[in-house]
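Enquirer: here is a sequence together with a model predicted from it:
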Amino acid sequence: MKCPKCPSPQCYTVEKTCPNCGEKTEEHRIVSFVDAPGHETLMATMLSGAAIMDGAVLVIAANEDCPQPQTKEHLMALDIIGIKNIVIVQNKIDLVSKERLIENYHQIKEFVKGTVAENAPIIPISAQQNINIDILIDALETVIPTPVHKVDKPASMLIARSFDINKPGASIDEMRGGVIGGTLTEGVLHPGDELEIRPGIKVTTEGVTRWVPILTTISSIFAGTAKVEEATPGGLLAVGTYLDPTLTKGDSLTGQIAGVPGTLPETRHQFVMELHLLERVVGVTREEKINEIKTSEPLMLNIGTATTVGVVTSARKNEAQVALKRPISAAIGSMVAISRRIDSRWRLIGVGVIKS
């Protein structure tokens, strides 16, 4: 929200009434946030979330030493995934002294030196006490502008969630189709449009297993709590369909792609990728040198919102072929975040680019 009377940055707020002058504020911009957990065991969630971001807010606690292991791993993930629009938030400033706050600031500056976030603004705030929120919004406006999206291309949507919205015991007349949630990367969607979802569902016939794309029709579209008649790229969407809700319950379609039938990337059970490995493992107390990828090694792979395990069937110095435990729909040139099992955790070790 933006106050029409107050100057920047005091004009920015999330309230309907300006906290400075009491003027009624105007809707300025709608922003969707993807909460990427900091806990090391949820790194796959963070990588999946990063795939649908236009920018990132890196939150660092002022009452802790910087960097924490997971903070290093998250920054490295943003770097290799290619997210350059970053705002650093120094939170919990109400819990520390001025001297400690300045010390923490210098720790942050040293931490981001030489990284994609080297020139990112560092905004000190207290979310609990509502301090400097206007300055933070001003920084988001400056650093993470609304990108220009391709609305003239066939619609393509990365699915980050899927669910059944029906209550237990609902009658047949009350039943509603399954819902998919995610972000539209290009194109436009309307209620009534046909959708194809890939890879789709697993079907086994006479001992032979294959993945069959799903075809459905859009029944409704919601952006936040608002029902809309047209969806364009940017922000998070909930798309109602006429699918049997058992197909969407429990995030069962997460990681798949929805779009105009006949235009989606092919379903891949294996692929060859060009490798770009990091020098050292990040996110652990003792940083180790990353060894080359070996044949028969299992890797966790994140492509878009999809997370799958791939077993290396062939490995060379800068290239590897992997067979996937669960297929994905991805085009040539798609980026793959690569993680390896280290000390009982999946650790980010590099990025790949699909070649074939």
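Expert: Arrived safely.
Enquirer: so where's this protein uncertain?
Expert: 37-52, 282-287 (pLDDT under 70).
Enquirer: show me the helices in it, by range?
Expert: Assignment of helices within the chain using DSSP state H yields the ranges 43-50, 69-81, 98-112, 133-143.
Enquirer: including mean neighbour count and distance to His269, could those helices go into JSON lines?
Expert: C-beta: built from backbone N, CA, C; applies to glycine. Putting the helices of the chain into JSON lines (neighbours: other CB atoms under 10 Å; distance: least, CB to CB, whole Å) gives the following:
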{"stretch": "helix 43-50", "mean neighbour count": "22", "distance to His269": "20"}
{"stretch": "helix 69-81", "mean neighbour count": "20", "distance to His269": "24"}
{"stretch": "helix 98-112", "mean neighbour count": "15", "distance to His269": "39"}
{"stretch": "helix 133-143", "mean neighbour count": "19", "distance to His269": "40"}
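Enquirer: roughly how far does Gly192 sit from Val151?
Expert: Look at Gly192 and Val151: by CB to CB, to the nearest Å, they are 18 Å apart.
Enquirer: looking at the two, which one has more neighbours?
Expert: Between Gly192 and Val151, counted using other CB atoms under 10 Å, Val151 has the larger neighbour count: 13 against 9.
Enquirer: in the stretch 251-356 of the chain, which spans are strands?
Expert: Along the stretch 251-356 of the chain, counting by DSSP state E, counting those that start in this stretch, strands occupy 257-259, 267-277, 298-303, 306-316, 319-329, 335-342, 345-354.
Enquirer: deepest in the core, which of those is it.
Expert: Stretch with highest mean neighbour count among these: strand 257-259 (a mean of 26; mean count of other CB atoms under 10 Å).
Enquirer: show me what stretch 270-283 is in contact with.
Expert: Contacts with stretch 270-283, where a contact means CB atoms under 8 Å, 6 or more residues apart in numbering, come from 40, 43, 69-70, 72-73, 76, 80, 287-290, 292-293, 310, 313, 318-324, 330, 336, 338, 342, 347-356.
Enquirer: cutoff 6 Å now
Expert: Stretch 270-283 has contacts (CB atoms under 6 Å, 6 or more residues apart in numbering) with 69, 72-73, 76, 287-290, 318-321, 323, 336, 342, 347, 349-356.
Enquirer: C-alpha coordinates for that stretch, PDB please?
Expert: Extracted C-alpha coordinates of stretch 270-283, given in PDB (Å, rounded to 0.1, in the frame of the first residue of the first chain):
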ATOM      1  CA  GLN A 270      17.000 -39.700 -18.100                       C
ATOM      2  CA  PHE A 271      19.200 -36.800 -19.400                       C
ATOM      3  CA  VAL A 272      22.700 -35.700 -20.000                       C
ATOM      4  CA  MET A 273      23.800 -32.500 -18.200                       C
ATOM      5  CA  GLU A 274      26.800 -30.200 -18.300                       C
ATOM      6  CA  LEU A 275      28.300 -29.800 -14.900                       C
ATOM      7  CA  HIS A 276      29.400 -26.700 -13.000                       C
ATOM      8  CA  LEU A 277      30.500 -27.900  -9.500                       C
ATOM      9  CA  LEU A 278      31.300 -25.700  -6.600                       C
ATOM     10  CA  GLU A 279      34.900 -25.800  -5.100                       C
ATOM     11  CA  ARG A 280      33.800 -26.600  -1.600                       C
ATOM     12  CA  VAL A 281      30.700 -27.900   0.200                       C
ATOM     13  CA  VAL A 282      28.800 -25.100   1.900                       C
ATOM     14  CA  GLY A 283      26.300 -25.300   4.800                       C
END
